[in-house]
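Q: With the sequence up front, the predicted model follows.
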Amino acid sequence: MRIFLRYLKPHWHAAAAALLLAATSQIFMMLDPLILRRLIDRYATQHARLDAQEFFTGTAVLLAAMAGVAFVSWLAKVVNLDVVARIAQRVSSRMYTDAIRHSLQLPYAVFEDQRTGETTSAPQKLRSDVDRFVVAAVNSLFMSLVGVLFVVAYAWALGWIFATAFLLVACVIGAASVILSRRLKPIEKSIVAQTNALAGATVETLRNVELVKSLGLEQQEIARLDYSADQILNLQLQKISHIRALTFTQGICENLSRAAILALLLYFLFTQRITVGAFFSLFLYTYFIFTPMQELGPLFNLYRQTEASLDNFAVFMERPRETRPKHPVPIGQLHSLSFHDVSFQHPGATVPAVSDVTFEASRGETIAFVGPTGSGKTTLVKLIVGLYTPRSGTIEHNGIDSSRIDPDRLREHIGLVTQDTQLFSGSVRDNLLFVRPVATDAECLEALQQAAALPMLERVNGGLGTTIGEGGVKVSGGEKQRLAIARALLRRPDVVIFDEATSSLDSLTEEEVSQTIRRVTASRRAIAILIAHRLSTVIYADRIYILERGRIIDQGRHEDLLARQGLYASLWRQQTGASAASTEGMG
């Protein structure tokens, strides 16, 4: 719980006020039996000593006092509930935002091995658990503690044996609750882990719902999710069994304790060692103590639940963030990019993804990387944008080692168009402004025009406000790519990367998007990097690098590479021959 106290520390003034208000509410509420004792001992049992006027006057004053203390108690409680709720919301919200912020600052490799739903589920559950725990801790545990101390102090004034009895009962019930609740912690940890896994699987299934429904796999996915849900259910049932055992034990202890205290009080009343008023006040205090202590079972369950969430949160927050230089070198506008003997190997892999890669590019140049599947093209892109860190070799921007550059400042100069276009639910404008929130509508339209994407707006009435659905489900594949190109151009990048931007398109749409890319790179305003499997999209590049098994085995212009009759020429013949054969077959 140290991490919880660290987040609570900035709000200690409000926390102190909340505890003071809770104590005030509880103490004033517990003055009722004291006033009742006076009513009984000084007036209700004094018929032989008092006349009617004295009885009614004294009774009226004490009844008014009861109404007054009740008003103060409820007023303090209402204000306390408001203060506690605000503290809980601030603490839980700060933890949630810190978890999300830390998630975004983790190395990219973490997200390659983890489902999105798992990443978001844990912070959401933590927020809910912490919010409920703060409220319960103040309004149940602390107020019960204040009540016990008040009753013990009052009972001590009547006799040490009463104070000892109340204190002993409170300690026994509290200790039993703590001991039994310890068995809940491992169950809660398993529930948290299983719940995160289920959230990840659910989000993954819903994200791929088109594939699931198209292949008729609804029942298979439902069965898979039901299996995970059943595992969670079994754990929840185990937890319920432990909670019931805890509640039963508490109930037995409370009933036996109340019976023992009642017997003690009756004996002392019988022997006239306490008054009738003192008897009733102490008897009422048993309810003031035992009733709140009945909530200790659910409270300790919530504590173990929150403890499990906090433990996971602490482990998560200890994950190392993406490496950043302590004193980053400003780079300004990017004019050059170079790799020097760069190698990278994925964790757990037996061979490097890229080995000893060396190349350079300057502003205005268009370079391309081609090669068969698995040759390292995608890894190369991630190295360029800084998602991966080289195992050996150096990457330089403007002649500065990338390890000395803040990756966020570097990425501000990069525009990226990927094979799997990543669009967001919302409008065309929303997707464009995602990379440059300050852009005007005129600048958005200019970027769409450069990407030949204006026809997409012309066929609808919404203009930039046209909604495209989650992931762009309402637009075609070619329109998605053009929108992605427009988004990259709106950023006015110094380096624009087209990573297999046409590989998932049909031949006609591929040619249209390729022409768009050709127009963009022809402007010579940036370093253009083309990553392609289909060679038709790179024939106009200033330099083409051939990758095979992570190594550059050749480079040159399209014509030169064809003349050498190497791997490039082989790939070219394979692709153009397949195209010709397809055409003949159609004829």
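A: Nice, I can see it.
Q: okay, CA-based contacts and neighbour counts for the rest of this
A: Noted.
Q: and this structure, what are its domains?
A: 2-317, 334-413+537-587 (automatic domain parsing).
Q: any chance of those domains in TSV, with mean neighbour count too?
A: Listed next are the domains of the chain as TSV, based on neighbours: other Cα atoms under 10 Å:
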stretch	mean neighbour count
domain 2-317	17
domain 334-413+537-587	17
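Q: Mean pLDDT lowest where, among the ones you listed?
A: Lowest mean pLDDT within these: domain 2-317, a mean of 78.
Q: Tell me the span between the first and last residue of it.
A: Domain 2-317 has an end-to-end distance of 13 Å (criterion: Cα to Cα, to the nearest Å).
Q: need the domains of the chain in a markdown table with distance to Ser514, can you?
A: Formatted as a markdown table, these follow (distance: least, Cα to Cα, whole Å):
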| stretch | distance to Ser514 |
| --- | --- |
| domain 2-317 | 27 |
| domain 334-413+537-587 | 6 |
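Q: Looking at the ones you listed, which is nearest to Glu443?
A: For the domains of the chain, the distance to Glu443 is smallest for domain 334-413+537-587, at 17.4 Å, taking Cα to Cα.
Q: chain center to that closest one, what's the gap?
A: 35 Å (Cα atoms, centre = their mean, to the nearest Å).
Q: Strands along the stretch 301-450 of the chain, start to end?
A: Using DSSP state E, counting those that start in this stretch, the strands of the stretch 301-450 of the chain run over 336-344, 354-362, 366-370, 392-397, 400-401, 414-417.
Q: Any chance of TSV for these, columns distance to Arg42?
A: Rendered in TSV, the data for those read as follows (distance: least, Cα to Cα, whole Å):
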stretch	distance to Arg42
strand 336-344	89
strand 354-362	93
strand 366-370	98
strand 392-397	91
strand 400-401	89
strand 414-417	86
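Q: Between these, which one is closest to Tyr540.
A: Of these, the one closest to Tyr540 (Cα to Cα) turns out to be strand 366-370, at 8.4 Å.
Q: Mind listing the strands the closest one pairs with, and their directions?
A: Strand pairing for strand 366-370, using DSSP bridges, gives strand 527-532 (parallel), strand 543-548 (parallel).
Q: quick revisit: compare the domains of the chain and report which one is nearest to Val438.
A: Here domain 334-413+537-587 is closest among these (Cα to Cα), at 13.9 Å.
Q: Tell me which of the strands of the stretch 301-450 of the chain sits nearest to Phe71.
A: When the strands of the stretch 301-450 of the chain are compared (using Cα to Cα), the closest one is strand 414-417, at 64.4 Å.
Q: got the contact list for the closest one?
A: 385, 481, 484-485, 487-489, 491-499, 501 (Cα atoms under 8 Å, 6 or more residues apart in numbering).
Q: what ranges do the helices span in the stretch 351-500 of the chain?
A: Under the criterion DSSP state H, counting those that start in this stretch, the stretch 351-500 of the chain contains helices at 377-384, 407-411, 428-433, 441-450, 454-458, 477-490.
Q: Mind putting those into JSON lines with distance to Glu548?
A: Output for those, formatted as JSON lines (distance: least, Cα to Cα, whole Å):
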{"stretch": "helix 377-384", "distance to Glu548": "9"}
{"stretch": "helix 407-411", "distance to Glu548": "27"}
{"stretch": "helix 428-433", "distance to Glu548": "36"}
{"stretch": "helix 441-450", "distance to Glu548": "34"}
{"stretch": "helix 454-458", "distance to Glu548": "38"}
{"stretch": "helix 477-490", "distance to Glu548": "27"}
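Q: any idea which of the ones you listed is most buried?
A: Highest mean neighbour count among those (mean count of other Cα atoms under 10 Å): helix 477-490, with a mean of 25.
Q: Please state the offset of that one from the chain centre?
A: 29 Å.
Q: and it, what does it pack onto?
A: The contact analysis (3 or more Cα pairs under 8 Å, 6 or more residues apart in numbering; DSSP states H and E) places helix 477-490 against strand 414-417, helix 428-433, helix 441-450, helix 507-522.
Q: could you give the angle of it to helix 441-450?
A: On the basis of axes from the mean of the first three to the mean of the last three Cα atoms, to 10 degrees, helix 477-490 is oriented at 130 degrees to helix 441-450.
Q: Kindly format the C-alpha coordinates of helix 477-490 as CSV.
A: The C-alpha trace of helix 477-490 is given here as CSV (Å, rounded to 0.1, in the frame of the first residue of the first chain):
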residue,chain,number,x,y,z
GLY,A,477,-9.0,0.3,-49.2
GLY,A,478,-7.7,2.9,-51.7
GLU,A,479,-9.5,5.7,-49.9
LYS,A,480,-8.0,4.6,-46.6
GLN,A,481,-4.5,4.7,-48.1
ARG,A,482,-5.0,8.1,-49.7
LEU,A,483,-6.4,9.4,-46.3
ALA,A,484,-3.3,8.0,-44.6
ILE,A,485,-1.1,9.7,-47.2
ALA,A,486,-2.9,13.0,-46.6
ARG,A,487,-2.4,12.6,-42.9
ALA,A,488,1.3,12.1,-43.4
LEU,A,489,1.6,15.1,-45.7
LEU,A,490,-0.4,17.4,-43.3
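Q: which other residues reach that helix?
A: Taking Cα under 8 Å, 6+ apart as the rule, helix 477-490 contacts 414-417, 421-423, 428, 431-433, 435-436, 439, 443-444, 447-453, 456, 472, 496, 501-502, 505, 509-510, 513, 516.
Q: if you skip the residues just before and after it, what's nearest to Thr516?
A: Ala451 (5.8 Å; Cα to Cα, 6 or more residues apart in numbering).
Q: Kindly report the same for Glu254.
A: Among residues not flanking Glu254 along the chain, Phe290 sits closest, at 6.6 Å (Cα to Cα, 6+ apart).
Q: Repeat that for Thr379.
A: Here the residue nearest Thr379, using Cα to Cα, 6+ apart, is Ala353, at 6.8 Å.
Q: now Ser403
A: Counting by Cα to Cα, 6+ apart, the residue nearest Ser403 is Pro325, at 6.6 Å.
Q: Would you mind measuring from the one you found to Phe288?
A: For Pro325 relative to Phe288 (Cα to Cα), the value is 59 Å.
Q: Likewise for Tyr154?
A: Counting by Cα to Cα, the gap from Tyr154 to Phe288 is 13 Å.
Q: Phi first, then psi, for Arg374.
A: Quick fix: residue 374 reads Gly, not Arg. Main-chain torsions, Gly374, degrees, to the nearest 10: phi 80, psi 10.
Q: Spell out which residues sit in contact with the closest residue to it other than its chain neighbours, please.
A: Distances taken as Cα to Cα, 6+ apart put Arg549 closest to Gly374, at 6.8 Å, once the chain neighbours are dropped. Applying Cα under 8 Å, 6+ apart to Arg549 gives the contacts 353-354, 374-376.
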